[in-house]
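In: Okay, predicted coordinates and the sequence, questions at the end:
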Amino acid sequence: MGIQPRESQVIAGSQTLIKKVELVRFMVEALNSFDYKETAMCLERESGIHLHSQRVKLFMEQIIKGEWDESLSTLPSIESIDEKSVESASVAILQHKLSEACIEKNFVEVLNTLKNQIAPLCKNDKHLMARYLLNRSHSKESLGEIMPNLRNILPRQLIPERRLANLVDRALLDEKYTHIPSKTLQILKGHFDEVWFVQFSHNGKYLASSSRDYRVVIWEVNEATHEVSLMRVLRGHSKPVSYMSWSPDDTQLLTCGQNERVRRWNILSGELLREYFIWGTGTFSCTWAPKGDCILAGLADHTIIVWSLEGKEMHRLEEPHVSSWTSDLAITSNGVIITAFDLDSILLLGYEKRKLLEVEDGEVLTFCLSEDGDFLLVSLLHEEIQLWNIGLEEPVIVKTFEGHKRQKFIVRTCFGGKGQGFVASGSEDTQVYVWDRASGEIIRKLEGHSRTVTCVSWNPTNPSMLASASDDGTIRIWG
C-alpha cells in the first residue's frame, strides 16, 4: 500500500479544486444556516472535522461580546493565519472599537485607541489614520458589520455565511451561460441583398431566411454535425419578403411582405401550394392557427383575415385602430390572437373580454411570443425591449432590456437558450445582443456583421445555436 494522504489534503472534487476538509466545513455551515443543528453536530462528530477550531470559536465569542483587546490578542494564534490577514483583521476590529468609544463618548478610550493601537498600524501609511477619523461611520448600525467583514478578510478561518449555497449558485450560473453562443460557426450566403427575416422551424431541423431580393431560402441543419447547409430556394414573390411563419408540423411555410400576397409552400418539395390575397390591399404579416388547419394574415387595410387552407375566407376581424405598419401577428395555443393596436398598444383578441397591453412612453415596433404563450417581448421605437406577462388577468411588464441600437430600421428580438432563459436582439451597430432574461443584464455582444442586424432566431432544440440576419446580405450561425 502507498502512503495515505493526510486528512487535510484529501481531495473531494474531480478537478482537485476543493479539499475534503473544506467541503465538510461548508456543509456544516450550510446545515447550521438551515437550523439543522443536530445534523450539523452529527456530521462534525462522524467526520472529525469541525466548522471552527477552538481558537476560532474563542475569537468569535470575543468579537460578539465586544471584547476588542482580547480578540486582538487571540487573532495571531489562529491556525494558518498569515501576517497580512492579521493586519487587515486588526484594522477592522480597531475601527469598530473606535466606533463604539465614539458612540459612548468615551473620549479617553478614543485617545488611547488612536495613540496606542491605531497609530502603530498607521506608521507606514499616512493616509490610514485619516480614513479612521473621516471615513468611518460611527453608528450603532456600523457595529453590526464586523462579523461579515471579518468573514471576508479571513475566509479560510471563518467560513463565509451561505458559502456552499453561493458556490452552488455560481456553478449553476456558469452552467447556464456555458451553452450561450459566443462565436461565429458559419456564414451563410444565399441572398443577393439585405436579409430581413430568419426563423428556425419548431423541430430545429430547418432555418428559413427571406430577403429584399424577393427570395426565400430554406437551410437544413445536420443533426449529427449541426452544420447548416442550403436545401432549396423558393421563388415566386415579386416584392421583398419580410415575414414568415412555420406550420405546426414544420412541413410548410407561409411567406409574405409589405403589400404582397401570402404564399404557402411545401418546404420538402419546394412546391407553391397556394396564394392568398384580397384585391385592392396587401398583407403585412401571417401566421398559422394552432392546429395548422387555417391561416391568419394582417392586411394593409387594418383588418385581420382568417383563411382556410383552400383559400376560403372564414372570418374577418375589423379593428379600426389596428396598426397598419407593425408587421407582427401571433396566436397562442388556446387561440388568442395578438396584434398591434394603435402605435402604443397591443391587442389580445379571444378572451371573454379583450385585453389591451398599453405601452408607456413608446411606440410598438415588433413583438415576439414565448413558447408557452404566457410572455411577450415588445420591441419599442426608443431602443427598449419590454417583457410582458400576458398570462395574467391583466398584462403586466416584468422586465426591460436596453443597450442595443435602433434609430432607422426594424430590428427583431427572440427568446432562446435553455428554458428560453435568454433574450436576443438585432441592432443597428452591427452586433447581436444577448440578455439574461431573469436579471436583464447583457451577457453577450456578438460581433461579425458589417451592417444592421435585422433579425435573430434561436434554435428551439439546440440552446447553443443562434442565427442572425443582416443588411450585409449574410446569415451568421453562432455557437
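Out: Noted; the coordinates are in hand. Numbers count the residues shown, from 1 in each chain.

In: quick one, what contacts Glu194?
Out: 211-212, 451, 454, 470-473 (CB atoms under 8 Å, 6 or more residues apart in numbering). Glycine gets a C-beta too; all of them are placed from N, C-alpha and C.

In: Next, the nearest residue to Lys408 once chain neighbours are set aside: phi, psi?
Out: Spatial nearest neighbour of Lys408, chain neighbours left out: Glu428 (6.9 Å); criterion: CB to CB, 6 or more residues apart in numbering. Per-residue torsions, Glu428: phi -80, psi -10 (degrees, to the nearest 10).

In: Can you get me a residue count around Glu428?
Out: Using other CB atoms under 10 Å, Glu428 has 18 neighbouring residues.

In: Isn't it up against Thr452?
Out: Yes. Assessed by CB atoms under 8 Å, Glu428 is found in contact with Thr452 at 4.7 Å.

In: list residues touching both of those two?
Out: Common neighbours of Glu428 and Thr452 (CB under 8 Å, 6+ apart) are 409, 411.

In: pLDDT weak spots in the stretch 351-479 of the chain?
Out: Residue ranges of the stretch 351-479 of the chain with pLDDT under 70: 351-354.

In: Point out where the stretch 1-150 of the chain drops to low pLDDT.
Out: 1-17, 122-144.

In: quick one, strands of it?
Out: Read by DSSP state E, counting those that start in this stretch, the stretch 1-150 of the chain holds no strands at all.

In: Excluding chain neighbours, what is closest to Glu87?
Out: Leu121 (7.0 Å).

In: list the contacts for that neighbour?
Out: 87, 90-91, 94, 128.

In: Buried only: go through these for me.
Out: Burial by neighbour count, 16 or more other CB atoms under 10 Å: within those this picks out 90-91, 94.

In: how about the residues you listed in TSV, adding distance to Ile146?
Out: As requested, the buried ones among the contacts of Leu121 are exported to TSV (distance: CB to CB, whole Å):
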residue	distance to Ile146
Ser90	12
Val91	11
Leu94	11
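
In: Can you tell me which of the contacts of Leu121 is nearest Gln407?
Out: Leu128 (50.8 Å; CB to CB).

In: sorry, back to before: most widely separated two among the contacts of Glu194?
Out: Ser211 and Arg451 (13.2 Å).

In: From the neighbour counts alone, determine which of those two ranks first.
Out: Using other CB under 10 Å, the more surrounded residue of Ser211 and Arg451 is Ser211, with 26 against 14.

In: List phi and psi for the more buried one.
Out: Given degrees, to the nearest 10, the pair of backbone angles that Ser211 has is phi -150, psi 170.

In: how deep is the closest residue to it other than its chain neighbours tucked in, by neighbour count?
Out: Nearest non-adjacent residue to Ser211, counting by CB to CB, 6+ apart: His191, 4.1 Å away. When counting by other CB under 10 Å, one arrives at 22 neighbours for His191.

In: The one 4 residues further on now?
Out: Counted with other CB under 10 Å, the burial measure for Val195 works out to 28 neighbours.

In: May I have the residues that are in contact with it?
Out: Residues 209-212, 454-455, 469-471, 473-475 are the ones in contact with Val195 under the rule CB under 8 Å, 6+ apart.

In: Let's see the pLDDT reported for it.
Out: Looking at Val195, its pLDDT is 98.

In: Is it bridged to anything, and to what?
Out: Ser211 (DSSP bridges).

In: now it: how far from Glu227?
Out: Computed as CB to CB, to the nearest Å, the Val195 to Glu227 distance reads 19 Å.

In: Also Gly311?
Out: Applying CB to CB to Gly311 and Glu227 gives a distance of 38 Å.

In: Likewise for Leu273?
Out: On the measure of CB to CB, Leu273 and Glu227 end up 29 Å apart.

In: At which residues are the helices of the stretch 51-200 of the chain located?
Out: According to DSSP state H, counting those that start in this stretch, the stretch 51-200 of the chain carries its helices in the segments 54-65, 68-74, 83-103, 107-112, 119-122, 126-130, 140-143, 146-153, 163-178.

In: Just put those in TSV and tack on distance to Pro460.
Out: Formatted as TSV, the helices of the stretch 51-200 of the chain follow (distance: least, CB to CB, whole Å):
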stretch	distance to Pro460
helix 54-65	52
helix 68-74	58
helix 83-103	51
helix 107-112	66
helix 119-122	61
helix 126-130	57
helix 140-143	50
helix 146-153	43
helix 163-178	17
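
In: Sounds good, over and out.
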